[in-house]
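[1] using only what follows, build the 3D model:
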Amino acid sequence: MSLAKTDLNLFLVFDAVYEERNLTRAARLLHITQPAVSNALKRLRLAFNDPLFVRTPRGVAPTPVAENIVGQVKEALNLLTISLSESERFLPRRSEKVFALGVHDIDEAVLVPRLMERLEALAPSVSVECISAPRDELERELASGTLDFRAYVVQRLSAGQRIDYLICDEAQFYTEAQIDQLATVVDELGIDVSGKIVLMRYSEPYSYRGYKVYFAESRGAVGAIIYSDPEDDGYGRGETYPHGPWGPPSHIQWGAIVYDWFGSTPFTFHWKKQRGGRWVESGERDRRLPKIPSIPMSHEAAAEILSRLGGPGVPPAWQGGLPFAYHVGPGPVRVHLRVDNDEHIGTMRNVIGRVRGAEQPERWVVIGNHRDAWIYGAYDPSSGTAALLEVARAFGAALEAGHRPK
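    Numbering: from 1, shown residues only. Below is the predicted model:
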């Protein structure tokens, strides 16, 4: 297949048909005729030497070849869209843009007031038009371009959609504008992290650790350490474990740092599955994986580094709860950072229990926790796990006593 001889609009048709599973709806979504969609599919079928979509009683269904290429097609279309819009830089404090925000009525009460507070501070002239609808309808409106964003509690994304985290209850996730603001502060302080190992603090309100590693990497750092400051989740907040809920001096936060804003479709990084079922690691590292090593660290260990840093003092907002003044460095302390990652494809299993109802066994009430524990050996979220196990124990005791739910 030659890219030079291929009309890229064909892939827009492919994407629409894949999402709608119906040629008429795909044509309506693209504002073209159904024969035009059929003709585009004919050309794609010739190019890929595969039907791509087969007829079903309800419309069409993708073939295995279509399923295999859809992730790459959506990512490529997303990259083209971003590239074409880069010249239209968004300046929050100057913009008077009206954004169409789709939000379910239940989520609106939680998310929108906090969002408007942030907009008032960061983009005072920006307006938001809230459109309330069922979540599946909002997903279609977002795909068609009617909505600029949709806000909701994330459970599942359609292929090709990405997330920029804004608000999660009392937690605040940094947007790109705030990342730019951090870059400005770093520049004003004259901090050059090129060729250095960067020590960064988990923050409260929370910001995604992946952004921190990416920021360090993009500024030329060769390694990153993220520590938990006692002011945020340790003795600065109250009693620590085992006497209270807050983190003791030795605790660390261990979690993902994947650059998932570069694509949200399921992926296996740079591992590829061969025809025989064997997984092989390719030489090209997936761009959603960091290119520099990073580790989490406790404030007990981080204090040994922080207390020995020289350079100018940090801005007041960066001063944490350790009993000394923080400095930005560099040096004179030197750090040797070694990370041993066990990268392999393995099997992760979900444990599912089922209690059939006595009168309506065909109806479902689903109670769940995380779909998985992120990594081997993890049990996050511990509070959710404890609650779910207690519910399971109670149902088990009820069944043993002869009681079954309706």
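[2] show me where this protein has strands.
    In the chain, the strands defined using DSSP state E lie at 53-56, 59-62, 98-103, 127-132, 149-151, 167-168, 171-172, 197-201, 223-227, 271-273, 279-281, 294-297.
[3] of all those strands, which lies closest to residue 236?
    strand 197-201 (12.3 Å; CB to CB). C-beta coordinates here come from the backbone N, C-alpha and C atoms, glycine included.
[4] quick one: buried residues of that closest one?
    Applying a neighbour-count criterion of 16 or more other CB atoms under 10 Å, one finds 197, 198, 199, 200, 201 buried in strand 197-201.
[5] buried deepest among the strands of the chain, which one?
    The highest average neighbour count among the strands of the chain, using mean count of other CB atoms under 10 Å, belongs to strand 223-227 at a mean of 23.
[6] so how far is residue 385 from residue 319?
    Distance of residue 319 to residue 385, computed by CB to CB, to the nearest Å: 35 Å.
[7] picking up where we left off before, format the strands of the chain as CSV; extra columns: distance to residue 395 and mean pLDDT.
    Output for the strands of the chain, formatted as CSV (distance: least, CB to CB, whole Å; pLDDT from 0 to 100):
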stretch, distance to residue 395, mean pLDDT
strand 53-56, 39, 90
strand 59-62, 38, 90
strand 98-103, 34, 83
strand 127-132, 35, 82
strand 149-151, 34, 75
strand 167-168, 29, 32
strand 171-172, 31, 24
strand 197-201, 42, 90
strand 223-227, 39, 91
strand 271-273, 38, 74
strand 279-281, 38, 76
strand 294-297, 36, 92
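[8] how about CSV for those strands, with distance to residue 37 added?
    CSV is the format used below for the strands of the chain (distance: least, CB to CB, whole Å):
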stretch, distance to residue 37
strand 53-56, 10
strand 59-62, 11
strand 98-103, 26
strand 127-132, 27
strand 149-151, 26
strand 167-168, 39
strand 171-172, 43
strand 197-201, 49
strand 223-227, 47
strand 271-273, 32
strand 279-281, 37
strand 294-297, 46
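[9] can you tell which of those is closest to residue 121?
    Short answer: strand 171-172, nearest of these by CB to CB, at 11.6 Å.
[10] run through the bridge partners of residue 226.
    For residue 226, the beta-bridge partners are residue 200, residue 296 (DSSP bridges).
[11] contact partners for it?
    Shown in contact with residue 226 (CB atoms under 8 Å, 6 or more residues apart in numbering): 200, 201, 202, 209, 212, 213, 253, 294, 295, 296, 297.
[12] try residue 293
    Contacts of residue 293 (CB under 8 Å, 6+ apart): 223, 224, 337, 338, 339.
[13] phi and psi next, for the closest residue to residue 214 other than its chain neighbours.
    Once flanking residues are discounted, residue 214 sits nearest to residue 259: 5.7 Å by CB to CB, 6 or more residues apart in numbering. Backbone torsions of residue 259, given as degrees, to the nearest 10, read phi -80, psi 70.
[14] which residues touch residue 259?
    Residue 259 neighbours (CB under 8 Å, 6+ apart): 210, 214, 287, 288, 289, 290.
[15] residue 116 contacts residue 130, correct?
    No - the pair residue 116 / residue 130 is not scored as a contact, 9.8 Å apart, by CB atoms under 8 Å.
[16] quick one: the nearest residue to residue 144 once chain neighbours are set aside from residue 69, how far?
    Nearest residue to residue 144 in three dimensions, chain neighbours excluded: residue 29, at 5.5 Å (CB to CB, 6+ apart). Per CB to CB, residue 29 is found 20 Å from residue 69.
[17] and if you look at residue 294?
    33 Å.
[18] mind naming the longest helix for the chain?
    The longest helix of the chain (DSSP state H) is helix 64-85.
[19] packing partners of it?
    helix 9-20 (3 or more CB pairs under 8 Å, 6 or more residues apart in numbering; DSSP states H and E).
[20] what's next to the helix it packs on, contact-wise?
    Residues contacting helix 9-20 (CB under 8 Å, 6+ apart): 23, 26, 29-30, 37, 40-41, 43-44, 47, 52-53, 59-60, 62, 66, 70, 73-74, 76-77, 143, 158, 160.
[21] are any of those buried, and which?
    Neighbour-count burial (16+ other CB under 10 Å) is assigned, among the contacts of helix 9-20, to 23, 26, 29-30, 37, 40-41, 44, 52-53, 60, 62, 66, 70, 73-74, 77, 143, 160.
[22] follow-up on the earlier one: show me the two of the contacts of residue 259 that sit farthest apart.
    210 and 287 (12.7 Å).
[23] who's more crowded, those two?
    Higher neighbour count among residue 210 and residue 287: residue 210, with 18 against 12, using other CB atoms under 10 Å.
[24] isn't the more buried one right up against residue 288?
    No - between residue 210 and residue 288 there is no contact under CB under 8 Å: 9.3 Å.
[25] list residues touching both of the two?
    258, 259, 260.
[26] distance of the first one from residue 287?
    Translated: residue 258. 10 Å.
[27] could you do the second one as well?
    For residue 259, the distance to residue 287 (CB to CB) stands at 7 Å.
[28] and what of the last one?
    As defined by CB to CB, residue 260 lies at a distance of 11 Å from residue 287.
[29] follow-up on the earlier one: determine which two of the contacts of residue 293 are furthest apart.
    Spatial extent of the contacts of residue 293 (CB to CB) is set by the pair 224 and 338 at 13.4 Å.
[30] low pLDDT regions in the stretch 1-150 of the chain?
    Low-confidence segments of the stretch 1-150 of the chain, defined by pLDDT under 70, are located at 1-5, 82-91, 104-111, 134-136.
[31] all helices of this structure, in order?
    With helices called from DSSP H, the chain shows them at 9-20, 23-30, 34-48, 64-85, 105-122, 135-144, 176-188, 209-218, 230-233, 299-306, 382-400.
[32] any idea how far the last one is from the middle of the chain?
    If I follow you right, that is helix 382-400. 29 Å (CA atoms, centre = their mean, to the nearest Å).
[33] domain map for this structure?
    Listed domain ranges for the chain are 3-85, 98-153, 176-318, 347-406 (source: automatic domain parsing).
[34] make TSV out of those domains and add distance to residue 330.
    What follows is those, written out as TSV (distance: least, CB to CB, whole Å):
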stretch	distance to residue 330
domain 3-85	34
domain 98-153	31
domain 176-318	6
domain 347-406	32
